[in-house]
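Colleague: sharing a model that was predicted from the sequence below.
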Amino acid sequence: MMKFKKFLAAAMTGVMMFGMVATAAPAISVYAEGEAAAKSKYSVEVDYKNFTATIKDTTAGATAKSDMYVVLEVLKDKEGTKVSSTHVYPVEEIPVTEGETATKFFGAVVDLSFLKASKEAYIRVHGDSEKDSSDIVTVSPQAKKVAIKYTSGQETLLKALSINKAAPTEEVLAGYEYRTLYGSNYSDLKDLDKDMVEVAGTTLVVRSKAVTTGEKTAPAGVEVKVKIPAAPKAPKVTIDYVKGIFKLPKNAEAQIIFNEPDTTTRTAGELKSTSWKDLSITTGDQAQILGLFEETKAEAMVEALTTNGFTLVVRTKAGKKAASNPAIVLVEGVDTPVQTPGTEEGSVLDEVKIGEAKLTWKTSATGITYTASGADFEYYDSAKSKWVAIKTTKPLTVKTSTSADVKVKVRQAGVKATKTTDGKLPSAALEVTVKAYVAPTPEATPTPTPETSPSA
């Protein structure tokens, strides 16, 4: 009897142990040899661009959902021997539009950002009414983090960028995208406007693009912050309004912006600009500056742009750093003096006027006396190659030969800028003819008339 009880106890223990193992094991479907294993009616596909999984009921002609939930399982390995985590999502009717065709499916679109993207992951799905799961899908990992450096002042984007300490090719560059630091939309890195981003400097967030086709599909790569230095400050350009001279920086280049000078206003006509040109001078007037550029050096262009005005743009040249921000100098048009016509047709007076300002001159046996009123004027001393001031406060007498007519250039003087008033450049020069001195004819001495004695 004692032996039977021991046998029975041992048998019961074995049954209990067998039951526990059976309860813990997953359900296993058994199929005859050659019979296809049953699968879930749901398929799962990874969208690497958005890093989502599309779970779709593949039942042909399905018009309603056949499950309330779908179960996504994350597996420990590609064989699916062990489930790492389980996530349950409601089944929804999801509309799809391809071109002009509108369709729908039943399932779910799942964000996969919960996965550890640095290594491969394995997932499968099934509906709440199913025992069998879908095929296992491998989720590819992100590309490894790359080192990206940007060097300003280069001619092209390919030269400015370094990826893993190597200059990228166009093909390599096409595989990257960027967004601004606080932006949300990504754009192709190859389309980055380097000249624009180098103005104020910025920080870009760069990553390799998601690979959505081919054998090596993968999500977008790890984001890398790339700092782009700001361009140096604009150089200093000063104007001596009294002398009409522009002081320009060294190691600089410039361009001229102008309107086709077919009218008398700066803003009329077709807007144009010259190409950038190295500055070969550090001081000069409007004519000297305009003469540096092929597009503006013709005499007629110089005269028109000096009269109508133009914009001078100056920047330091690119070197170890990017080209500087440009200095923008609006060069105002200047006045044009006019010689006052005389009373006889074709004749002129010894007088030049600009508005109410006036310059007159008078010759003597020993020189020329200039008188300015309403504004200061200047005449050009060709012997000394400089402009000489003619103040309103005092006439200026220039000792010179006046035995013959002489050509003299005159202009209204520039006005120095102050804290409260803008400066004004000298007017355009006008060449006038100062006529030779003609001595007055002395009055003839009257011949005395002899007195006649009265007749007796």
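Modeller: That came through, no problem.
Colleague: Gln339 against Leu349, yeah?
Modeller: Yes - counting by CB atoms under 8 Å, Gln339 touches Leu349, with 7.3 Å between them. Placement of C-beta: from N, CA and C, glycine included.
Colleague: so for these two, which residue has more residues nearby?
Modeller: Between Gln339 and Leu349, Gln339 has the larger neighbour count (other CB atoms under 10 Å), namely 17 against 12.
Colleague: find the helix or strand that the more buried one is a member of.
Modeller: Using DSSP states H and E, Gln339 sits within strand 338-341.
Colleague: now do that strand, average pLDDT.
Modeller: Mean pLDDT, taken over the full extent of strand 338-341, equals 94.
Colleague: quick check: closest non-adjacent residue to Lys399.
Modeller: Nearest non-adjacent residue to Lys399, counting by CB to CB, 6 or more residues apart in numbering: Gly367, 4.2 Å away.
Colleague: partner strands of the strand holding Gln339 and their direction?
Modeller: If you go by DSSP bridges, strand 338-341 pairs up with strand 348-354 (antiparallel).
Colleague: any low-confidence regions in the stretch 151-300 of the chain?
Modeller: 261-269 (pLDDT under 70).
Colleague: can you show me the strands along it?
Modeller: For the stretch 151-300 of the chain, the strands defined by DSSP state E, counting those that start in this stretch cover 161-163, 176-180, 187-188, 202-208, 224-228, 238-240, 245-247, 252-259, 271-273, 277-278, 283-284.
Colleague: any chance of those strands in CSV, plus mean neighbour count and distance to Pro446?
Modeller: Output for the strands of the stretch 151-300 of the chain, formatted as CSV (neighbours: other CB atoms under 10 Å; distance: least, CB to CB, whole Å):
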stretch, mean neighbour count, distance to Pro446
strand 161-163, 19, 102
strand 176-180, 19, 101
strand 187-188, 13, 103
strand 202-208, 19, 97
strand 224-228, 15, 97
strand 238-240, 15, 61
strand 245-247, 17, 61
strand 252-259, 20, 69
strand 271-273, 13, 73
strand 277-278, 12, 75
strand 283-284, 16, 64
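Colleague: nearest to Lys391, of these?
Modeller: strand 238-240 (18.1 Å; CB to CB).
Colleague: where's Met301, which helix or strand?
Modeller: Under the assignment here (DSSP H and E), Met301 is part of helix 299-308.
Colleague: adjacent strands (with direction) for the very next helix or strand once past that helix?
Modeller: For helix 299-308, the following helix or strand on the C-terminal side (DSSP H and E) is strand 309-316. Its sheet considered, strand 309-316 pairs with strand 252-259 (antiparallel), strand 327-332 (antiparallel) by DSSP bridges.
Colleague: nearest to Ala300, out of those?
Modeller: Between those, strand 252-259 lies closest to Ala300; by CB to CB that is 13.1 Å.
Colleague: got the contact list for that closest one?
Modeller: Residues from elsewhere that reach strand 252-259 (CB atoms under 8 Å, 6 or more residues apart in numbering): 235, 248, 265-279, 289-290, 292-293, 295-296, 305, 308, 310-317, 323.
Colleague: which of these are buried?
Modeller: 235, 248, 266, 274, 279, 289-290, 292-293, 296, 305, 308, 310-317, 323 (16 or more other CB atoms under 10 Å).
Colleague: mind jotting down where the strands sit in the stretch 1-150 of the chain?
Modeller: Under DSSP E, counting those that start in this stretch, the stretch 1-150 of the chain gives strands at 42-47, 52-57, 69-75, 83-90, 92-98, 101-111, 121-127, 137-139, 148-150.
Colleague: and those as JSON lines, adding distance to Leu161?
Modeller: Formatted as JSON lines, these follow (distance: least, CB to CB, whole Å):
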{"stretch": "strand 42-47", "distance to Leu161": "29"}
{"stretch": "strand 52-57", "distance to Leu161": "30"}
{"stretch": "strand 69-75", "distance to Leu161": "37"}
{"stretch": "strand 83-90", "distance to Leu161": "39"}
{"stretch": "strand 92-98", "distance to Leu161": "37"}
{"stretch": "strand 101-111", "distance to Leu161": "31"}
{"stretch": "strand 121-127", "distance to Leu161": "32"}
{"stretch": "strand 137-139", "distance to Leu161": "30"}
{"stretch": "strand 148-150", "distance to Leu161": "6"}
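Colleague: save the ones you listed as JSON lines, and put in mean neighbour count too.
Modeller: Listed next are the strands of the stretch 1-150 of the chain as JSON lines, based on neighbours: other CB atoms under 10 Å:
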{"stretch": "strand 42-47", "mean neighbour count": "19"}
{"stretch": "strand 52-57", "mean neighbour count": "21"}
{"stretch": "strand 69-75", "mean neighbour count": "20"}
{"stretch": "strand 83-90", "mean neighbour count": "12"}
{"stretch": "strand 92-98", "mean neighbour count": "11"}
{"stretch": "strand 101-111", "mean neighbour count": "16"}
{"stretch": "strand 121-127", "mean neighbour count": "22"}
{"stretch": "strand 137-139", "mean neighbour count": "17"}
{"stretch": "strand 148-150", "mean neighbour count": "17"}
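Colleague: want to try a markdown table for those, with mean pLDDT and distance to Thr420 as columns?
Modeller: Below are the strands of the stretch 1-150 of the chain laid out as a markdown table (pLDDT from 0 to 100; distance: least, CB to CB, whole Å):
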| stretch | mean pLDDT | distance to Thr420 |
| --- | --- | --- |
| strand 42-47 | 96 | 67 |
| strand 52-57 | 96 | 66 |
| strand 69-75 | 97 | 75 |
| strand 83-90 | 97 | 73 |
| strand 92-98 | 92 | 66 |
| strand 101-111 | 94 | 64 |
| strand 121-127 | 97 | 73 |
| strand 137-139 | 96 | 72 |
| strand 148-150 | 96 | 45 |
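Colleague: among the ones you listed, which comes closest to Ala160?
Modeller: Here strand 148-150 is closest among these (CB to CB), at 5.7 Å.
Colleague: for the closest one, which strands pair with it and how are they oriented?
Modeller: strand 161-163 (antiparallel).
Colleague: so what touches the strand it pairs with?
Modeller: So strand 161-163 is contacted by 146-151, 167-168, 172-173, 176, 189 (CB under 8 Å, 6+ apart).
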